[in-house]
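**Student:** Let me see the structure of the following:
(4 chains, ligands or ions: 6)
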Amino acid sequence: MSENGQSNGGGGLIQLTAKDFKTDQEVRWCPGCGDYAILAAVQGFMPELGIQRERMVFISGIGCAARFPYYMQTYGMHSIHGRAPAIATGLATSRPDLSVWVVSGDGDALSIGGNHLIHALRRNVNFKLLLFNNEIYGLTKGQYSPTSKVGKVTKSTPMGSLDYPFNPLSLAIGAEATFVARAIDTDRKHLTTVLRRAAEHKGTAFVEIYQNCNIYNDGAFDFVREEEENRLYLEHGQPVGDTGLVHDERAEDPAQAFALSRITWETHGKVPLGVFRAVQRPVYDELMAEQLEAAVEKRGVGDLGALLNAGDTWEIG
Amino acid sequence: MSENGQSNGGGGLIQLTAKDFKTDQEVRWCPGCGDYAILAAVQGFMPELGIQRERMVFISGIGCAARFPYYMQTYGMHSIHGRAPAIATGLATSRPDLSVWVVSGDGDALSIGGNHLIHALRRNVNFKLLLFNNEIYGLTKGQYSPTSKVGKVTKSTPMGSLDYPFNPLSLAIGAEATFVARAIDTDRKHLTTVLRRAAEHKGTAFVEIYQNCNIYNDGAFDFVREEEENRLYLEHGQPVGDTGLVHDERAEDPAQAFALSRITWETHGKVPLGVFRAVQRPVYDELMAEQLEAAVEKRGVGDLGALLNAGDTWEIG
Amino acid sequence: MAKAVEQIDNVVIRFAGDSGDGMQLTGAHFTNETAILGNDLSTLPDFPAEIRAPAGSLPGVSGFQIHFADHDILTPGDQPHVLVAMNPAALRTNIRDLPKGGTLIVNRDAFTDRNLEKAGYTANPLEDGSVADYQVHEVPLTSMTLEALKEVDVTKAEAARAKNMFALGLMSWLYTRPTEGTIAAIQTKFAKRPEIVEANILAFNAGYAFGETTEGFAVQYEVKPAPHPPGRYRNITGNQAIALGLVAASVQSKLPMFLGAYPITPASEILETLAGYKHFGIRTFQAEDEISAAGAALGASFGGALAVTTSSGPGIVLKQETIGLGIALELPLVILDIQRAGPATGMPTKPEQADLLNVMFGRNSESPVPVVAAATPGGCFDAAIEACRIALKYRTPVFCLSDAYLANGSEPWLIPDPEKLPDISVEFAELPNGGESGFLPYLRDSETLARPWAIPGTPGLEHRIGGLEKADGTGNVSYDPDNHDFMVRMRQQKVEAIARDIPDLEVDHQAGADLLVVGWGGTYGPIAAAVRRVRAAGGKVAQAHFMHLNPFPENTGHVLKSYGKVLAPEMNLGQLSKLLRAEYLVDVIGYNRVRGLPFRSSELAEAIQGML
Amino acid sequence: MAKAVEQIDNVVIRFAGDSGDGMQLTGAHFTNETAILGNDLSTLPDFPAEIRAPAGSLPGVSGFQIHFADHDILTPGDQPHVLVAMNPAALRTNIRDLPKGGTLIVNRDAFTDRNLEKAGYTANPLEDGSVADYQVHEVPLTSMTLEALKEVDVTKAEAARAKNMFALGLMSWLYTRPTEGTIAAIQTKFAKRPEIVEANILAFNAGYAFGETTEGFAVQYEVKPAPHPPGRYRNITGNQAIALGLVAASVQSKLPMFLGAYPITPASEILETLAGYKHFGIRTFQAEDEISAAGAALGASFGGALAVTTSSGPGIVLKQETIGLGIALELPLVILDIQRAGPATGMPTKPEQADLLNVMFGRNSESPVPVVAAATPGGCFDAAIEACRIALKYRTPVFCLSDAYLANGSEPWLIPDPEKLPDISVEFAELPNGGESGFLPYLRDSETLARPWAIPGTPGLEHRIGGLEKADGTGNVSYDPDNHDFMVRMRQQKVEAIARDIPDLEVDHQAGADLLVVGWGGTYGPIAAAVRRVRAAGGKVAQAHFMHLNPFPENTGHVLKSYGKVLAPEMNLGQLSKLLRAEYLVDVIGYNRVRGLPFRSSELAEAIQGML
Ligand SMILES: Cc1ncc(C[n+]2csc(CCOP(=O)(O)OP(=O)(O)O)c2C)c(N)n1
Ligand SMILES: Cc1ncc(C[n+]2csc(CCOP(=O)(O)OP(=O)(O)O)c2C)c(N)n1
Ligand code: SF4
Ligand code: SF4
Ligand SMILES: [Mg+2]
Ligand SMILES: [Mg+2]
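**Tutor:** Ligands and ions are numbered 1, 2, ... in the order given. Below is the predicted model of the structure:
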């Protein structure tokens, strides 16, 4: 619907600052919550995208993380639990002119919303998904999530969780994701780099952010959030720690990225951070727009009268 | 609920034959459909499991494939679209004494049912899932499915499909599956081997079966169904074609199985068949049963009177 | 030897055969011939279950009934006058509907022992006297077709498959149909296989010639054209009409359409049809499930598209949470429910109208939504446009109901003049509306109570909406008790007030009538036909049919109370009845049959008579 | 100096403070003291939204109201007599509910400039005369607590956090509560941190002593125990009672329970509580979503478990397709809907009773389902058992409704004797029932119309069931029109016939009353209290409350028609009204407020008066 879009700085691009992305709504997370740091990082890096605020849309489901859109002075929708990727698919596909961001939690994206997520990834829809992984259900006050460790004692698992968790990056790669990355809430500089890369990516960008929920799952990521030596920062073309691998984020075959995703605190005592995979594949909105254009090219712009009168008709005098 | 179970051949195991697994219902698929061959293979190998029919349950969703339970002289449920893995999870978890099988199509399991599938896989619930992949929606008469190739012209994609397909095995491995395999409808001997392995596996066994829908997607798998030289039969400990890999289905790390799943007709001109991955991980029903037992051990068998009277109470005379 | 030609005013023919016998195609050709001749007509395809049954079996029987006449008619006919049965299974499942004395044409060649057994016959019904009460024509359709095609370069199986064209030729002769259309259609359809074209045309002509020459058929029948209002016509099914209505709504609203859908019988065809109209700027998205289909549509609506999602009962249920969100967000969204028999999976190919209460109430909490329903195949066009109009104007999800009968049934349709279609365009918000407060996304239009539709891309109107309760005006999250009560009532009032913007309930009154028959949806034809019958027999009865089910037209209470008795025939257990009784405290009596088949006008006429 | 002790018959106290101030805990302790003393009581926690708001802000205020008396009471009280406000925000959001002359106790230390600003005060309300109409006690709670704890080895923040215990001590003195229970509870709760135990007990005792010694409080109050029926009591919330009811149902049916659930406010607690009862053989499964939760429960039901699934509105909507399957399969399944304010996400922590029509009709096609609703926190126990009883006996999904008010509100509960609980066990099929035909899964019990429950593992009864329409008896897939009509009616009839198996609607009649007030669910307390008020003022009014909403009790029509006027107060826009009007054609008048708060009995009394 770019016909309808307003001029994107046609009259001169206004230089925005982080403050321009704040809303008049009081930010409401628990004091100390990792969400604050992520919000600051996102608001801080938005201006450099050079996209006017009216072209940006933040869409979320339900959860603590999902409050995010209320704090972004852009268009936004706080939708229903798990459905943000579906809603974003409709918006992004019908409005290629927008920059669409989905903010989600580990429950929202991987539990109830798992199906929409994996399908958006394979379709390569043009939105960026930030997964605030705190390995817990925050908003509903502390039940285990699909990323909680086996044995985790939570409100709903007084004797420990039985469910083997997802590795969000492995799942995303298995679902044919074209861009997959990981960052940490409090590591603002690196988080910003990753966000920038996600923003640049054409197609679905999947970014897992380790986020501390200091109320219901405090310290879940201390092994890497606190202990910097356990971080393996990935760089394209560079060796990955002492794994013997040389990182190739652009490899067509996702096998290496998948192998990297299996390097975890449990297996290696280290955790890779950064961009695991970033490959080009046709983007859903463009493919769809191309078909629309091709159809017009072949058949002319649709003519309602002709359509109504198509096929066998007869005249009664 | 094993307390309630009837004797599993306590009075002497009756030797069953394939015929014993046939029902009085006329089998209703299109003449030539690959489903017939799979049904024959399943009925043919059931007797060797040595499990009495009353202990077997086939659960399906909706689709052509999903008619399967009607033709198996066992307990069965033809449920609703996509939900069979969820239903089977409840049954299998509460009845560890049963042998539970889910039969599903590529639409049923990977489109509408994708979320239940990936969660069952990570939980390692004790059921076997047979995915009849025909790369099309058969029952609804020929729309593309999540496994249809890009560009596929179907009823709902007159200009070709835009959606990049899932690789069902990659998805399953990304979802932490413990058993992943592939077979072909008409290759009965190999299919039977794979089914046998699946039946032996403790936990969720995911078996993709290439199934020809001769009405809406005829020949989709001809490159391997017809051309035997394109088949790469996997054998544990043996080299995989000329890929340089030696197959290790039992590797804890799923990276190699994942890499194998990326060998396709498109990339290598060959397709691996057989068991890609088969590892041991605690099974959901057993874990749950253990917690129940541990609770009884610690607290004694629940006493309703004591529970009702727990906490602060007071007597009024 | 030219045969005698007898004039008749209407005929009902049913073609029945195996799913592989091409009965739907045969019916379609015959329908086209009939339409072009200018008869009024109504058709009813009767599909077997979705899954293919084995050839020759009872569940594999597929039927197509056509009713045509020299006057306007309303239904595909209660019972056929003529039954064409291509095999024993088709005879077995259909013969009970043929009244004594009716004409039965059978393919004698198909009555083999094996086929008889598959159909569950222990003896050959053509020989044991079972069909003695009918005028039976045993025609060796298969062998005569093979004979006619022996020179053509096709396989024997292909030749045998042309037997439906032989039957079509025979029927075309019998009812003096024009044949050019069929021949042209065959040519186009098989353009890539000239030998098949040849085979089909030869078979068709052979059938026609057989009629002319055989002694078995003594007379030929003629049904004169019906007096239709002038204009250009085409034959149309309900699903086609919905697709066209949606395209028209997109054009008339000047908004690009976004359709989110997941295939399901009997709604898939709408997705499939619209997927072919990409040159109208229509985006069709086959989602991973119904939740995503509805969600994507809602997302597109947020972005300013005319958003539509289609399904049938089970899928509609899955969409309801998202529709509830749409109600809270107050965004336009059109949901098409092509109803089928339930509950659960039910009988997917069969019609029913039992989703009314679900579309009204199937969401958590107070979540009112307007509902419109189509009454005829052609009426689906108008219903789709009306649903879009209301959705856009009032910024709300709107349900549009059809059913498996309307979806597949067809009738001649006076093609509307695009120039005369309503302009349903609305304006996007472009400027802040709140003075000092900037943009207030929940500040309402005082007339429609609709909130502004401010789409991303509009500078200065950046705002956030969501599913939590919102403060009046600002739309900020609010837990204020009085605000909640206000917003609950406001959403309700907005929907109720649409009553001012829809036509009054039209009553087909008859002087002296004390009984009113009310209906909604696809039962219009049978009810109207029944009312005619009763009137023809001297009974006095009035009729009204609801296109708008929420809100009801303003005069509804008045209409209901103007009659001593109110009868509501429904293909459910009394859902409209329940709504009317609750709203107007009128003792609406239901006539309810839930058979997965349209009503017969005869049974309704009887029910009406019983209440006079 | 012993102070004067004044006898009073009831008090309503509201504790209000920041989410971090421990108001729920304070309330719980006070409630326990009160319960042990033997007063009748009713409590109402008022949570802020699920998300934590910043400390000191208005949305961060958390409240807990308790009403206790020397006689039986029905509600937590319309308005507090005493408001304890721990900070300016708590004062601001609660002061409007305190009637003139009421007692206001504030933590003076919290009225800092910063806190005043956060609460939106431009001047200090304690100083500008805003609270002149109340009996104000400004207590420096924080500083006195710090002072009391200065010897204890805790941080200053920890010490300050004990101020709620100081307040509790003061209130315990003021209302002469027994303190042993609280001290014991503190000891257990913080057993691992003795210094915290010490701090809390010191603060509590200091508050108590402050009451005894300060001149600000001249009198101490006493509320005598209420005359309860004899027996053992405990205080219970609705969610606890449901959990216990489910355990009891499992024991009384001799079936292992399987709970499929996905967390959602305000239902999560049931999952959490049952997850702690594994020694009862209860399997709790936290599913990936509500669809899976319901599906897994249905699968377990097929396997012979007592299957339960819990949620609130948005999740219930998602379960409906699966519940429809349960209706077609005719398997037992209990669905608990702890209603909250909607539509969409709405106000998740607030009560509403607007899901009635959704649970009745929120599925495709005709899919009837029994519905029961709890009326009081303690009544949740019985409602849960009754839902299980019906589900098991009639092999059907059954809805059991509660709401956020019942879920979190508490009252003293006479602990039932397990021996006297009903036996709700049923038999599994063990042998073929169809003679020559073997096992017929849809051959019904002639009395209950229930089909046999034949679970996997039973030799010889292997059978297949599914969501397609089934032939009567055999359960084989059937597209037969008359069979479908029969089955649709049979499912309906099975549910309707349950009316014979439930108690008549009980009417609390008053001689001469021409007005009947009907209600259902959590409004019981306020309605009954309002009826008492009206009667006390000389008005004549009758009352009836529905526990069974589908089917209605057999005498319902008779009861409704025995009164000239019927009033139905509901926390929705008139859902019970709609059902009753449609069914009985009685002009039921609604009193509807949808504020996310329980009714006040005073407003209901006024509404009743207005109709006398
Ligand atoms: C349909 C539905 N089911 C359940 C809920 C309740 N619910 C809200 S948020 C949430 C999970 C939150 O966890 P997560 O997505 O990890 O976000 P976090 O709060 O941890 O940021 C749940 C279960 C809901 N709102 N809607
Ligand atoms: C909720 C719901 N949505 C949609 C459908 C329609 N439907 C039935 S089967 C099917 C897809 C079948 O495809 P697949 O699972 O691949 O099975 P196949 O028929 O190819 O064996 C669909 C879309 C349905 N029955 N229920
Ligand atoms: S509950 Fe956890 S995730 Fe939610 S706001 Fe608080 S700290 Fe953050
Ligand atoms: S449509 Fe395809 S998958 Fe379905 S029965 Fe026919 S051949 Fe098999
Ligand atoms: Mg989380
Ligand atoms: Mg398929």
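
**Student:** Is the residue nearest the centre of chain A part of a helix or strand, or is it coil?
**Tutor:** Nearest residue to the geometric centre of chain A (Cα atoms, centre = their mean): residue A:129, 0.8 Å. Recorded secondary structure, residue A:129: strand (DSSP: H, G, I helix; E, B strand; the rest coil).

**Student:** Surely it is in contact with residue A:102?
**Tutor:** Yes. Taking Cβ atoms under 8 Å as the definition, residue A:129 is a contact partner of residue A:102 at 4.4 Å. In this view, the C-beta of every residue, glycine as well, is placed from N, C-alpha and C.

**Student:** which neighbours do these two share?
**Tutor:** residue A:85 (Cβ atoms under 8 Å, 6 or more residues apart in numbering or on different chains).

**Student:** How about the contacts made by the residue in the stretch 201-317 of chain A positioned nearest to ligand 1?
**Tutor:** For the stretch 201-317 of chain A, the residue closest to ligand 1 is residue A:213, as judged by Cβ to the nearest ligand atom, at 6.1 Å. Taking Cβ under 8 Å, 6+ apart, we find residue A:213 in contact with A:33-34, A:64, A:134-136, A:138, A:220.

**Student:** do you know how far it is from ligand 6?
**Tutor:** 41 Å (Cβ to the ion, to the nearest Å).

**Student:** Now that residue. Nearest residue, chain neighbours left out?
**Tutor:** Sequence neighbours aside, residue A:134 is the residue nearest to residue A:213 in space, at 3.9 Å (criterion: Cβ to Cβ, 6 or more residues apart in numbering or on different chains).

**Student:** Over to residue A:152?
**Tutor:** residue A:161 (4.4 Å).

**Student:** so what's that neighbour up against?
**Tutor:** So residue A:161 contacts A:144, A:148-154 (Cβ under 8 Å, 6+ apart).

**Student:** low-scoring stretches of the chain, by residue?
**Tutor:** The chain I'm using is chain A. A:1-14 (pLDDT under 70).

**Student:** you looked at the wrong chain, it should be chain C
**Tutor:** Residues of chain C that meet the cut-off, pLDDT under 70, sit at C:1, C:50-51.

**Student:** mind listing what the residue of it found nearest ligand 4 touches?
**Tutor:** Using Cβ to the nearest ligand atom, residue C:52 is the residue of chain C that sits closest to ligand 4, at 5.4 Å. By Cβ under 8 Å, 6+ apart, the contact set of residue C:52 is B:28-30, B:215, C:19, C:60.

**Student:** hmm, who's touching the longest helix along chain A?
**Tutor:** In chain A, assigned by DSSP state H, the helix with the most residues is helix A:284-299. By Cβ under 8 Å, 6+ apart, the surrounding residues in contact with helix A:284-299 are A:89, A:92-96, A:123-126, A:203, A:302, B:159-160, B:162-163, C:278-279, C:281-283.

**Student:** can we see that at 6 Å?
**Tutor:** Applying Cβ atoms under 6 Å, 6 or more residues apart in numbering or on different chains, the external contacts of helix A:284-299 come out as A:92-93, A:96, A:123-126, B:159, B:162, C:278-279, C:283.

**Student:** Count the neighbours of residue C:504 for me.
**Tutor:** Per other Cβ atoms under 10 Å in any protein chain shown, the neighbour tally for residue C:504 reads 13.

**Student:** same check, this time on the one 3 residues further on
**Tutor:** Residue C:507 is surrounded by 17 other residues when neighbours are defined as other Cβ under 10 Å.

**Student:** Check whether the closest residue to ligand 5 within the stretch 101-250 of chain C sits in a helix, strand or coil.
**Tutor:** Of all residues in the stretch 101-250 of chain C, residue C:246 sits closest to ligand 5, at 39.8 Å by Cβ to the ion. Assigned by three-state DSSP, the conformation of residue C:246 is helix.

**Student:** Pull the contacting residues for the residue nearest to it when sequence neighbours are not counted.
**Tutor:** Nearest residue to residue C:246 in three dimensions, chain neighbours excluded: residue C:384, at 5.2 Å (Cβ to Cβ, 6+ apart). Contact analysis of residue C:384 by Cβ under 6 Å, 6+ apart lists C:242, C:245-246, C:400.

**Student:** Please, which helix or strand holds residue C:384?
**Tutor:** If you go by DSSP states H and E, residue C:384 is part of helix C:379-394.

**Student:** Might you calculate how far that helix sits from the centre of the chain?
**Tutor:** Helix C:379-394 has its C-alpha centroid displaced from the chain centroid by 16 Å (Cα atoms, centre = their mean, to the nearest Å).

**Student:** what's the next helix or strand after it in contact with?
**Tutor:** Later in the chain than helix C:379-394, the nearest helix or strand by DSSP H and E is strand C:397-403. The contact list for strand C:397-403 (Cβ under 6 Å, 6+ apart) reads C:238, C:323, C:326-327, C:333-339, C:351, C:353, C:359, C:369-374, C:380, C:383-384, C:387, C:390-391, C:521-522.

**Student:** Only C-alpha atoms, please: export strand C:397-403 in PDB.
**Tutor:** Output of strand C:397-403 as PDB, limited to C-alpha atoms (Å, rounded to 0.1, in the frame of the first residue of the first chain):
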ATOM      1  CA  PRO C 397     -15.200  -7.200  12.500                       C
ATOM      2  CA  VAL C 398     -18.300  -8.300  10.700                       C
ATOM      3  CA  PHE C 399     -19.500 -11.800  10.000                       C
ATOM      4  CA  CYS C 400     -20.900 -12.800   6.700                       C
ATOM      5  CA  LEU C 401     -22.700 -16.100   6.600                       C
ATOM      6  CA  SER C 402     -23.300 -18.500   3.700                       C
ATOM      7  CA  ASP C 403     -23.500 -22.300   3.700                       C
END
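
**Student:** Tell me which helix or strand comes right after that strand.
**Tutor:** Assignment by DSSP H and E places the next element after strand C:397-403 at helix C:404-408.

**Student:** And that following helix, what's buried?
**Tutor:** C:404-408 (16 or more other Cβ atoms under 10 Å in any protein chain shown).
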